[in-house]
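1. model this:
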Amino acid sequence: MHPGGDCIACHTQRGEGPSFVFAGTVYTDYDEEDDCNGTSGVEVEVTDADGSSWTMTTNQAGNFYLASNQASPVYPITAVIRYNGLERAMVSGQSSGDCASCHTVAGSGGAPGRIVLPE
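-> Numbering: from 1, shown residues only. Sure, this is the predicted structure:
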């Protein structure tokens, strides 16, 4: 679908496709534009306040997602991405799994921009 776009909001507003509890895109740069493919094969692990965790792998567009019927997280949540033996962890807990709502081109809600590969 639309890499970098707000997956959860789009699926909710249009009423099409599955609903997601977690969704976003992993890129190589913080300022990638919407609809530019991200990186495939990145492991994204989300952990909730109770210690439950869910692992997703990015697809060919760099998108990751987990359907709402597959998890009932207790917020706040944190995330770690892993790629080529390296990892990058989210700094603070979040109250939403709608990653692309903050990880935009310019960043919002305290996010520095896109979710990017670990260095």
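
2. Strands of the protein, residue ranges please.
-> Taking DSSP state E, the strands of the chain run over residues 20-27, 43-47, 53-57, 63-67, 78-83, 86-89, 115-116.

3. From the contact counts, what lies against the fifth one?
-> The one in question is strand 78-83. If contacts are counted by 3 or more CB pairs under 8 Å, 6 or more residues apart in numbering; DSSP states H and E, strand 78-83 sits against strand 43-47, strand 86-89. (C-beta placed from N, C-alpha, C; glycine too.)

4. Quick check: neighbours of the last one in the sheet, parallel or antiparallel?
-> Yep, that's strand 86-89 we're talking about. Using DSSP bridges, the strands paired with strand 86-89 in its sheet are strand 78-83 (antiparallel).

5. go on, the longest one?
-> Take DSSP bridges as the rule and strand 43-47 pairs in its sheet with strand 53-57 (antiparallel), strand 78-83 (antiparallel).

6. wouldn't residue 29 be in contact with residue 114 here?
-> Yes - at 6.9 Å, residue 29 counts as touching residue 114 under the criterion of CB atoms under 8 Å.

7. will you turn the strands paired with strand 43-47 into a markdown table that also has distance to residue 8, mean pLDDT and mean neighbour count?
-> Shown next, in a markdown table, are the strands paired with strand 43-47 (distance: least, CB to CB, whole Å; pLDDT from 0 to 100; neighbours: other CB atoms under 10 Å):
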| stretch | distance to residue 8 | mean pLDDT | mean neighbour count |
| --- | --- | --- | --- |
| strand 53-57 | 14 | 98 | 15 |
| strand 78-83 | 15 | 98 | 19 |
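
8. right, so of those strands, which gets closest to residue 42?
-> Taking CB to CB as the measure, the strands paired with strand 43-47 were each checked against residue 42, and strand 78-83 came out nearest at 4.7 Å.
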